[in-house]
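J.: Okay, here's the prediction I keep looking at, along with the sequence it came from:
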Amino acid sequence: MKNYKLSVTIIFILAALVTVTGCQSLDVVAEVAVTSFDSLVKAVPDKVAFDGEKGGWAISGLDDKERVILSEDFSGSNPDITVEFEAAPFIDAGLDIEKLPGDQYLYDKSTGKITMPFKYGKDKFESGTEKSALGLFKEIVKTQRSIVGYHEEGDHYKIDLGNGNLFGWAKDMSANEADLIYILNPEPLIDAGVDTSKIKEWVFPKIPVTDKDGKQIQVEVFIKAFNIK
């Protein structure tokens with residue numbers, strides 16, 4: 001396994017990640033999203049674990065400083081998907097935790113982590129999702145197809161978490177530098193005091209995306225990406 005790395009190349013690879021292409025049929029996108037997700041979890045078995053307290057499967061970054069947690073059942077009381085990341089890089093760059101929207105960002109001082117909960121619906125999943133991250137992802141694709149996307153140019157699949165936040169992975173890890181990707185909407189963090197010139201560990205690029213009217217616009221994001229193999 002290669003060491004993880006951030007690079008300028010990754011920034012440009014990710015430029016296409018935020019929009020979903022219409023070049024492939026929905027069936028193909030869904031099918032390959034599943035097979036590529038399977039490849040991801042098999043490539044980093046020590047970073048994929050069931051969290052009984054959170055009630056879902058967690059996929060951690062290679063540095064164990066961030067993770068996404070997929071709930072085993074969207075009909076339960078837990079958030080359907082949760083993003084968790086270390087607050088320290090942002091606090092060191094000026095973040096005032098008290099200024100973050102409390103309904104979107106939850107800070108645990110004991111762990112030093114910020115969590116972002118997302119809800120999508122009340123879908124009851126088939127039993128056994130706690131046995132396999134892949135089995136759970138298949139249920140998400142089946143019940144929440146609209147949040148799972150692909151972009152041909154970047155060759156990445158993603159879960160659109162909402163409000164500009166994404167979790168992504170490479171279709172083919174052997175041909176991509178950004179295999180495991182976390183993207184945060186920077187606006188609430190900047191509004192709460194983060195000086196982007198002082199941020200470390202995360203990259204802060206402007207990337208081109210297609211807006212709802214089909215126009216190319218530049219969007220600023222915080223990105224953390226890992227090269228697995």
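T.: Cool, the structure landed. Here the structure is a predicted model, which means the values were calculated and not measured.

J.: Please count neighbours and contacts with C-alpha atoms only from this point.
T.: Will do.

J.: For this protein, just list every one of the helices.
T.: Secondary structure of the chain (DSSP state H): helices at 8-13, 26-43, 88-91, 133-143, 187-191.

J.: Could you identify which of those helices is most buried?
T.: Of all the helices of the chain, helix 133-143 has the most neighbours on average by mean count of other C-alpha atoms under 10 Å, namely a mean of 20.

J.: how about Asp172, what does it touch?
T.: Contacts for Asp172 (C-alpha atoms under 8 Å, 6 or more residues apart in numbering) come out as Ser36, Asp155, Asp179.

J.: ok, of those residues, which one's closest to Asp213?
T.: Among those, Asp155 lies closest to Asp213 (C-alpha to C-alpha), at 23.0 Å.

J.: Tell me how far that closest one lies from Tyr182.
T.: Between Asp155 and Tyr182 the computed distance is 15 Å (C-alpha to C-alpha, to the nearest Å).

J.: So which of those two has more stuff around it?
T.: Between Asp155 and Tyr182, counted using other C-alpha atoms under 10 Å, Tyr182 has the larger neighbour count: 23 against 19.

J.: which ones are touching the most centrally placed residue in the chain?
T.: The centre of the chain sits closest to Phe167, judged by C-alpha atoms, centre = their mean, with a distance of 1.6 Å. Contact analysis of Phe167 by C-alpha under 8 Å, 6+ apart lists Val68, Lys158, Ile159, Asp160, Leu161, Leu180, Ile181, Tyr182, Ile183.

J.: I figured the third one hits Trp169, correct?
T.: Translated: Ile159. No - if you go by C-alpha atoms under 8 Å, Ile159 and Trp169 don't touch, sitting 9.1 Å apart.

J.: pretty sure Phe222 contacts Glu187?
T.: No - between Phe222 and Glu187 there is no contact under C-alpha under 8 Å: 9.6 Å.

J.: can you give me the strands for this structure?
T.: Taking DSSP state E as the criterion, the chain carries its strands at 48-51, 56-60, 66-71, 81-86, 106-108, 113-118, 148-151, 156-162, 165-170, 180-184, 206-210, 216-220, 222-226.

J.: neighbouring contacts of the last one?
T.: Applying C-alpha under 8 Å, 6+ apart, the contact partners of strand 222-226 are 4-6, 10, 61-62, 177-186, 201-205.

J.: per-residue confidence averaged over it?
T.: What strand 222-226 shows for mean pLDDT is 96.

J.: how far is that strand from where the chain is centred?
T.: Relative to its parent chain, strand 222-226 has a centroid offset of 9 Å by C-alpha atoms, centre = their mean, to the nearest Å.

J.: Also compute the angle for that strand relative to strand 180-184, please.
T.: Going by axes from the mean of the first three to the mean of the last three C-alpha atoms, to 10 degrees, strand 222-226 is angled at 170 degrees with respect to strand 180-184.

J.: quick check: angle from strand 222-226 to strand 165-170?
T.: Following the same axes, to 10 degrees, one obtains 30 degrees for the angle between strand 222-226 and strand 165-170.

J.: So which bits of strand 222-226 are buried?
T.: Applying a neighbour-count criterion of 16 or more other C-alpha atoms under 10 Å, one finds Phe222, Ile223, Lys224, Ala225, Phe226 buried in strand 222-226.

J.: Nearest to Leu134 among those?
T.: So of those, ranked by how close each gets to Leu134 (C-alpha to C-alpha), first place is Phe226, at 20.2 Å.
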